[in-house]
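Colleague: Need coordinates for the following:
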Amino acid sequence: MVDYPEFLTAAFDKKKLLTADKLDRAFRFFDEDGDGQISREELEKIFGCGAMPSEQFDKLWREIMAEVDQDKDGLISETEFKERMLDVISKRATFYREAIKQ
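Modeller: Have a look, this model is predicted:
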């Protein structure tokens, strides 16, 4: 089972992900039905949530949506996904640069 912070850290190499093509491919990986949105059901399949108690996944879903779902429609659009991924990558890069300086 993969948790959300672990996923963000491990799934994307920040140096390689900063291309539009790679972000597009990452989004399409999650958007299994190709409708331009990532749904709860799609994330449940990817995160292997059959083994996770539903209360845990409910909490995980709420955390993800609180961070990513800017228009509050209960789905993650391609724009929301890409903006969040770029934000995470930028913050991690800043953190590592600061850690190296010390």
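
Colleague: Can you name the next helix or strand after the helix or strand bottoming out on mean pLDDT in the chain?
Modeller: Least confident element among the helices and strands of the chain, by mean pLDDT, DSSP states H and E: helix 14-17 (a mean of 53). Scanning forward in sequence from helix 14-17 by DSSP states H and E, the next helix or strand is helix 20-30.

Colleague: Please name every helix or strand in contact with the helix or strand just after that following helix.
Modeller: Following helix 20-30 in sequence order, the next helix or strand is strand 37-38 (DSSP H and E). Using 3 or more C-beta pairs under 8 Å, 6 or more residues apart in numbering; DSSP states H and E, the elements in contact with strand 37-38 are strand 76-77. Where you see a C-beta, it was placed from the backbone N, CA and C, and this is true even at glycine.

Colleague: give me that answer again for 6 Å
Modeller: The contact analysis (3 or more C-beta pairs under 6 Å, 6 or more residues apart in numbering; DSSP states H and E) places strand 37-38 against no helix or strand.
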